[in-house]
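J.: pasting a predicted model and its sequence here:
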Amino acid sequence: MLAFKNIKKSFGPKQVLNDVSFDVKAGECFFIIGASGVGKSVLIKHLVGLLACDSGEIWLDGEEISRFDEQQMGPVRKKCAMVFQHATLFDSMTCAENVALPLRKHKDMNAKDALAEAKKRLAVVHMQAFADRYPPELGDGMRKRVAIARALTVDPTYVLFDEPTTSLDPVSARRVDTLIRELCDKLGVTSIVVSHDLSSIFSIADRIVMLYKGKVLKIGTPAEFKATDNGIIQQFINGRAEGPMDL
Amino acid sequence: MTEAVRNPRLHALGAASIELAEIVGGMGVLLARILVRIHKFDGEELVKNLYKMAVKSLPIVAVTALFTGAIMVIQAAVIVKRFNAEGLLGWGAGFGTLREIAPLLTALMISGRVGANNTAELGTMVVTEQIDALRVLAIDPIAFLIVPRFIAILATLVMMTLFADALALFGAAYTGQGLLGVEPMTFFNGLTGGLLDFGDVFNGLFKSFVFAFVMALASCHFGLATKGGAPGVGRAVNASVVASAAGIFVLDYLVSFLG
């Protein structure tokens, strides 16, 4: 299980996260939503040690990890994979080499075996035909799928997705949604998804937390979000320009 | 109000000093991190970088070296003709080429081609979060990316200097024949007649090792310290090339005293 407890984070004078606390249950598809710049991506970067909180605790499977150094974060990062907003594949490597890299580094595979295994893993995300292509030659949706295949090579228990459907066409976006849902249902992986894509949120989320002005505004199921009479939440989930939300 | 705030020149001097200290300190920390992980380098990355840096630099180094050798002879031609000192042409061209011109010009060429490219590549990886992606995959960016590049730059420059020495002397010998009618054998006798020895070659190679060291450190440091998107990459490349060139000339001056 994963728990954020009283997380505070500032960048200079700007306080981005102010006492954020919530739990994520094993195997669920958990969405973190909120307006742009509210600190959603900042929050999940704490979990993999890319950012350190000013105060608060992060508990991962019974271990408090918020003060871990780079070396201690190694096992945590194998447990918690992350798919970045812009996929962040290595441009100088083919798709297969991108996926093979963690296999070579963490599974003691030689280059040839790692590449063969990488091609199998690309097939899972329907990208085997593009194994020998370089990332700049691919579209956003294809790169995202390769990034998901790469993240899964370390057999993580948790996968963090930072805006996985942003900039994708609706068909590619739904394919990525399906992949994320399948991770939870078929592999038992806990998915934590930062998003403001309403279609994704209401089609695959088990639970949602909404951040507003650095704090948790509400935690609940998609049905509970739809039923709430909170004006800010209603404005956000209905995508209205006018309303009480202060941007 | 402090003196520094009242005096803008003092303020600028202080700011420049702090910036310089940050750069030197950053390079020192990076060097320590490289040395701690020097045995953990990724073999595949090293081979890839050696190919990219050394093999692909061969044409430009060859052209530079051939013409450098020729220029050395052209400059010596007037004196050689006036004093009929054809026998000293090999020594004259060889001394300057082996100890100074070949290591220096090769270093500047490699700095422009390899160092700048290295900074741009690392800087782009930083601003597009590819370095963070490596960290999240539990892969140490220093051991995986930086150490192979550091070793490859050292090996590339020393090898390229040796290659440039040979080609520059070849170019000088045949320019001497074409321009002054000095037979290549006479030129090579001047090289090996006792006025030059392997110490001169090693002096040049030692210089190239020192130049490579500063170039590798500067290009990796400025690449990893890149901030601010595409303009930041441009600034990093600019800083890396300037720091490498300045470092090369200052160290050339210092190493020249060693004999």
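T.: Yes, it's here.
J.: C-alpha only now, for contacts and for neighbours.
T.: Will do.
J.: quick one: contacts for residue 243?
T.: Since no chain was named, I'll use chain A. A:G243 makes contact with A:G231, A:I232, A:Q235, according to Cα atoms under 8 Å, 6 or more residues apart in numbering or on different chains.
J.: switch to chain B, that's the one I care about
T.: Contact analysis of B:A243 by Cα under 8 Å, 6+ apart lists B:A218.
J.: what helix or strand is it on?
T.: Assigned by DSSP states H and E, B:A243 falls within helix B:229-256.
J.: how about that helix: buried residues?
T.: With burial defined by 16 or more other Cα atoms under 10 Å in any protein chain shown, the residues of helix B:229-256 counted as buried are B:232-245, B:247-248, B:252.
J.: quick check, central residue of chain A?
T.: A:F161 (1.6 Å; Cα atoms, centre = their mean).
J.: B:N84 and A:L89, how far apart?
T.: Separation of B:N84 from A:L89 (Cα to Cα, to the nearest Å): 65 Å.
J.: compare the two (neighbour count), which wins?
T.: Taking other Cα atoms under 10 Å in any protein chain shown, B:N84 and A:L89 do not tie; A:L89 has more neighbours (28 against 11).
J.: you'd agree B:L157 is up against B:V214?
T.: No - in terms of Cα atoms under 8 Å, B:L157 does not count as a neighbour of B:V214; the distance is 11.5 Å.
J.: report the contact partners of the residue lying closest to A:N6 once chain neighbours are set aside.
T.: In this structure, A:N6 finds its nearest non-sequential neighbour in A:D19, 4.1 Å apart by Cα to Cα, 6 or more residues apart in numbering or on different chains. The contact partners of A:D19, by Cα under 8 Å, 6+ apart, come to A:K5, A:N6, A:I7, A:K8, A:G56, A:G214, A:K215.
J.: repeat that for 7 Å
T.: Residues in contact with A:D19, defined by Cα atoms under 7 Å, 6 or more residues apart in numbering or on different chains, are A:N6, A:I7, A:K8, A:K215.
J.: quick check: it is in a helix.
T.: No - applying DSSP: H, G, I helix; E, B strand; the rest coil, one finds A:D19 to be strand, outside a helix.
J.: what's the per-residue pLDDT of B:L13 here?
T.: With respect to pLDDT, B:L13 scores 91.
J.: can you report phi and psi for it?
T.: For B:L13, the backbone dihedrals (degrees, to the nearest 10) come out as phi -60, psi -40.
J.: do the same with B:G194
T.: Dihedral angles for B:G194 - degrees, to the nearest 10 - are phi 120, psi -20.
J.: show me what from the stretch 101-250 of chain B comes close to chain A.
T.: B:T128, B:E129, B:Q130, B:A133, B:V136, B:L137, B:A138 (Cα under 7 Å from any Cα of the partner chain).
J.: try it again with 10 Å
T.: Within the stretch 101-250 of chain B, the positions lying close to chain A (Cα under 10 Å from any Cα of the partner chain) are B:121, B:124-125, B:128-140, B:144.
J.: any chance you could map the strands in chain A?
T.: According to DSSP state E, chain A carries its strands in the segments A:2-11, A:14-24, A:29-33, A:55-60, A:63-64, A:80-83, A:158-162, A:190-194, A:207-212, A:215-220.
J.: so for the fifth one, mean pLDDT?
T.: Model confidence over strand A:63-64, given as mean pLDDT, is 95.
J.: quick one: contacts of that strand?
T.: For strand A:63-64, contacts defined as Cα atoms under 10 Å, 6 or more residues apart in numbering or on different chains pick out A:M1, A:L2, A:A3, A:F4, A:E57, A:I58, A:V76.
J.: quick check: bridge partners of the third one?
T.: So that's A:A3. For A:A3, the beta-bridge partners are A:D23, A:W59 (DSSP bridges).
J.: correct me if wrong: it contacts A:S21.
T.: Yes - counting by Cα atoms under 10 Å, A:A3 does reach A:S21; the two are 7.3 Å apart.
J.: top of the contacts of A:G243 by neighbour count?
T.: A:I232 (17 neighbours).
J.: so after the helix or strand B:D165 falls within, what's the next helix or strand?
T.: Taking DSSP H and E as the criterion, B:D165 maps to helix B:147-180. Moving toward the C-terminus from helix B:147-180, the next helix or strand (DSSP H and E) is helix B:184-192.
J.: looking only at pLDDT, what's the mean for that following helix?
T.: 86.
J.: got the angle for that helix vs helix B:147-180?
T.: 130 degrees (axes from the mean of the first three to the mean of the last three Cα atoms, to 10 degrees).
J.: who does helix B:184-192 touch, helix- and strand-wise?
T.: helix B:89-96, helix B:147-180 (3 or more Cα pairs under 10 Å, 6 or more residues apart in numbering or on different chains; DSSP states H and E).
J.: what's the closest of those helices to A:G139?
T.: Nearest to A:G139 among the helices and strands packed on helix B:184-192 is helix B:147-180 (29.9 Å), distances taken as Cα to Cα.
J.: on contacts alone, who are the packing partners of that closest one?
T.: Helix B:147-180 packs on helix B:8-36, helix B:43-53, helix B:58-83, helix B:89-96, helix B:102-110, helix B:116-127, helix B:184-192, helix B:198-224, going by 3+ Cα pairs under 10 Å, 6+ apart.
J.: could you export the ones you listed as a markdown table, including mean neighbour count?
T.: Shown next, in a markdown table, are the helices and strands packed on helix B:147-180 (neighbours: other Cα atoms under 10 Å in any protein chain shown):
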| stretch | mean neighbour count |
| --- | --- |
| helix B:8-36 | 14 |
| helix B:43-53 | 16 |
| helix B:58-83 | 17 |
| helix B:89-96 | 24 |
| helix B:102-110 | 24 |
| helix B:116-127 | 24 |
| helix B:184-192 | 19 |
| helix B:198-224 | 24 |
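J.: what would these look like in CSV with distance to A:V209?
T.: Putting the helices and strands packed on helix B:147-180 into CSV (distance: least, Cα to Cα, whole Å) gives the following:
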stretch, distance to A:V209
helix B:8-36, 40
helix B:43-53, 42
helix B:58-83, 58
helix B:89-96, 71
helix B:102-110, 53
helix B:116-127, 29
helix B:184-192, 79
helix B:198-224, 35
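J.: buried ones in the helix holding B:D165?
T.: Judged by neighbour count (16+ other Cα under 10 Å), helix B:147-180 contains these buried residues: B:147-177, B:180.
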